[in-house]
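Novice: Provided below for reference: sequence and predicted model.
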Amino acid sequence: MPTYKLSYFDMDGGRAEPVRIAFHCAGIAFEDERISFPDFGKFRETTPFNKIPVLEIDGVVVTQSNAMCQYAGKLAGLYPTDDLQALYCEEVLGAIEDMSNFMVATFGMEGDALKAAREELADGWFTVYTNGISKLLERGGGQYFAGNQLTVADLKVHVMFRMIISGNLDHIPADFVEKLAPNLVEHSQRIANEPKVLAYYAR
Ligand SMILES: N[C@@H](CCC(=O)N[C@@H](CS)C(=O)NCC(=O)O)C(=O)O
């Protein structure tokens, strides 16, 4: 069994969280290195693209959270074996990456500039992507995004949308998702109550 070390911010969310959950579901022990925000400046210089997460497998560093999702998802049985369903799964992972990038562009802003940027985000790209991801859930049958099973796509969507639904993203109304896509609110609650997800957070 290889040794795994996953390095990311010290938060139960973001790009590494679906990978952590998938490793846990696979029953794979990994070093869950949590980087504090003050330490990130130095740590990033040690990474290939100055970004996290990074995953070390037997000491060899790999990057790109969606690739990690696919890898850990396959080990955990949380990735479709059918090629078309795998394509659907990847599509969702990529769409959430796009959303992350739109959101991160507003980080570091303050005051009126933050308010204006977040309102533009809510009216613009977040509306487009929330509607689009809602339709992808319908395409999947309404319960899961791909293969009629829990996959890393559900985990990645859940991690993103539970944050938006929580209302903790300043200037994005807590009912933003409910108004546009109630099926994504139901999905988020359902994924939070999946036995595998409950077991991860109860660990
Ligand atoms: N495509 C990369 C993006 C990684 C990424 O942007 N990570 C953020 C944290 S979630 C980061 O390290 N940002 C630092 C920066 O852009 O300066 C992936 O999916 O892993």
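Specialist: Yep, that arrived.

Novice: Need the residue closest to the centroid of this protein.
Specialist: The centre of the chain sits closest to K156, judged by CA atoms, centre = their mean, with a distance of 3.3 Å.

Novice: Within the helices and strands, which one has that one?
Specialist: Assessed by DSSP states H and E, K156 sits inside helix 152-166.

Novice: If I look at the most far-flung residue of the chain relative to its centre, what pLDDT would I see?
Specialist: For the chain, the residue at maximal distance from the C-alpha centroid (CA atoms, centre = their mean) is D112, at 27.9 Å. In this model, D112 is scored at 98, pLDDT.

Novice: Quick check: closest non-adjacent residue to S65.
Specialist: R15 (3.8 Å; CB to CB, 6 or more residues apart in numbering). (Each C-beta comes from the backbone N, C-alpha and C, glycine too.)

Novice: The one you found contacts T63, correct?
Specialist: No - in this structure, R15 is not within contact of T63 by CB atoms under 8 Å, at 10.4 Å.

Novice: Which of the two has more residues huddled nearby?
Specialist: Neighbour totals were compared for R15 and T63, and R15 leads with 23 against 14 (other CB atoms under 10 Å).

Novice: Give me the three-state assignment for the more buried one.
Specialist: Following DSSP: H, G, I helix; E, B strand; the rest coil, we place R15 in the coil state.

Novice: which residues does it contact?
Specialist: By CB atoms under 8 Å, 6 or more residues apart in numbering, R15 lies in contact with 8, 52-53, 65, 100.

Novice: mind checking the backbone torsions on it?
Specialist: phi -70, psi -30 (degrees, to the nearest 10).
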